[in-house]
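**Q** Got a sequence here, can you model it:
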Amino acid sequence: MNLNIETIRNKYSFGLDSRDWTVEGAIEDIKSKNDRNVERVNYRPFDFRYSHISNKTKGFFSYPRWEIMQHFFKHKNIGLIATRTNRQQSLGYFWISELIVERHILDSAGDSTSLFPLYLYPETNARQTVDQITARTPNLNLEIVNQIAEKLGLTFTNEKDTSSGTVSENTFAPIDILDYIYAVLHSPTYREKFKEFLKIDFPRVPYPTDKDRFWQLVQLGGELRQIHLLESPVVEQYITQYPVDGDNAVGKIVYRENCVFINETQYFAGVPEVAWNFYIGGYQPAQKWLKDRKGRTLEFEDILHYQKIVVALTETGRLMGEVDKIEIA
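**A** Numbering: from 1, shown residues only. The predicted model follows:
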């Protein structure tokens, strides 16, 4: 980089240096790397950005939390996101991601946000074999897992075997536990019952005690997971329209009569109120995603992406109702 520090600060709106981060430190960190390591990261719910990835403290990031994020860097993984404390803007301070996440992903006051990887990968070095490098282990307390297995009459396996095209209901894998937890966390009854506790600590999820209810919740949790990752084909079954041509510039955003206006003439039609007002943590994604793009022009892929968000939020509301029909032990 040939620009001076203040020019870079102003060009990219970095603001003032802090105790633990400086523009100069970020530049030096990037310059010290042979590989820029630009990766897709999860910035906010349904909002993905690209960033240089570094494990250096007080470098490009003030605190990269590499002991956790390394398990997502160039690895296939998935993690549960939750907060220890929150402002109770909503009862839903939970999310899921397959990527490195930004610490404010659930709330602008996100110092207590944590990402819990489902799998742990070993640290790599030049002498390890390919098999050693790619091996991963479940990030689960096996004592608890064994208690669940015994209670449900199931056998636990480290990886879900789908090679035959069918999955045995006599075994369960880490992803099943994650999906069960994710379903419970999306139960309106659970959230209301434990709302005071959820303000001050990480959520505690009751162990499953009934095999049939366990699999029902696993199914619903899996649907929620795939929808939130925008991997489910359901999110491409658009329920909205974008009927007016124009410059696609995001200006004043107005919600009126199930239409989301991005400027004076262009709008997304058919946006349910439940999607527009839906909270994830301290954010309303259908509103925030657009507000974060004010002054920008939406590309074709952006328009499709926003329509997927609306479907995902609408489906989340529906699936939460389905979860609530199941008695949670």
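**Q** switch to C-alpha atoms for all contacts and neighbour counts from now on
**A** Will do.
**Q** Report the contact partners of Cys259.
**A** Tyr267, Phe268, Ala269, Gly270, Val271 (Cα atoms under 8 Å, 6 or more residues apart in numbering).
**Q** Distance to Arg213 and neighbour count added to those residues, as TSV?
**A** Shown next, in TSV, are the contacts of Cys259 (distance: Cα to Cα, whole Å; neighbours: other Cα atoms under 10 Å):
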residue	distance to Arg213	neighbour count
Tyr267	42	25
Phe268	39	20
Ala269	38	20
Gly270	35	16
Val271	33	23
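**Q** Out of those, which sit inside strands?
**A** Tyr267, Phe268, Ala269 (DSSP state E).
**Q** Looking at these, spot the one nearest Leu80.
**A** Leu80 has its nearest neighbour among the ones in strands among the contacts of Cys259 in Phe268, at 31.0 Å by Cα to Cα.
**Q** beta partners of that closest one?
**A** Judged by DSSP bridges, the bridge partners of Phe268 are Val260.
**Q** Distance check, it against Arg296.
**A** The gap separating Phe268 from Arg296 is 16 Å, by Cα to Cα, to the nearest Å.
**Q** all helices of the chain, in order?
**A** For the chain, the helices defined by DSSP state H cover 5-11, 23-31, 66-69, 130-134, 142-152, 174-185, 188-193, 195-198, 211-228, 273-277, 285-291, 300-323.
**Q** so which of those helices comes closest to Gly79?
**A** The nearest among the helices of the chain, by Cα to Cα, is helix 174-185 at 8.6 Å.
**Q** Next up, the contacts around the residue lying closest to Tyr50 once chain neighbours are set aside.
**A** Excluding the flanking residues, the one nearest Tyr50 by Cα to Cα, 6 or more residues apart in numbering is Arg40, at 4.4 Å. By Cα under 8 Å, 6+ apart, the contact set of Arg40 is Phe48, Arg49, Tyr50, Ser51, Leu99, Ile100.
**Q** how close does Arg40 get to Gln237?
**A** For Arg40, the distance to Gln237 - Cα to Cα - is 25 Å.
**Q** For Glu39, give me its contacts.
**A** Contacts for Glu39 (Cα under 8 Å, 6+ apart) come out as Tyr50, Ser51, His52, Ile53.
**Q** so what's the second one bridging to?
**A** Taking DSSP bridges, one obtains Glu39 as the residues bridged to Ser51.
**Q** Looks like it contacts Tyr43 (just checking).
**A** No: Ser51 lies out of contact with Tyr43 (Cα atoms under 8 Å); the separation is 9.8 Å.
**Q** Who has more neighbours out of these two?
**A** Neighbour totals were compared for Ser51 and Tyr43, and Tyr43 leads with 19 against 16 (other Cα atoms under 10 Å).
**Q** which residue sits closest to that one, ignoring its sequence neighbours?
**A** Nearest in space to Tyr43, with sequence neighbours left out and distances taken as Cα to Cα, 6+ apart, is Glu102 at 5.1 Å.
**Q** so how far is Tyr12 from that neighbour?
**A** Applying Cα to Cα to Glu102 and Tyr12 gives a distance of 18 Å.
**Q** higher neighbour count, the two?
**A** Glu102 (17 against 8).
**Q** burial of Tyr180, as a residue count?
**A** 24.
**Q** What score does it have for pLDDT?
**A** Tyr180 carries a pLDDT value of 98.
**Q** what's the pLDDT at the closest residue to it other than its chain neighbours?
**A** Nearest residue to Tyr180, sequence neighbours excluded (Cα to Cα, 6+ apart): Val218, at 4.5 Å. For Val218, the model assigns a pLDDT of 97.
**Q** could you pull out the strands for the stretch 1-150 of the chain?
**A** Per DSSP state E, counting those that start in this stretch, the stretch 1-150 of the chain carries strands over the ranges 38-44, 47-52, 79-83, 94-97, 113-117, 119-120, 137-138.
**Q** So which of those strands is nearest Tyr242?
**A** Checked against Cα to Cα, the stretch from the strands of the stretch 1-150 of the chain lying closest is strand 47-52, at 19.9 Å.
**Q** on contacts alone, who are the packing partners of that closest one?
**A** The contact analysis (3 or more Cα pairs under 8 Å, 6 or more residues apart in numbering; DSSP states H and E) places strand 47-52 against strand 38-44.
**Q** what about 10 Å?
**A** Packing partners of strand 47-52 (3 or more Cα pairs under 10 Å, 6 or more residues apart in numbering; DSSP states H and E): strand 38-44, helix 285-291, helix 300-323.
**Q** Lovely, talk soon.
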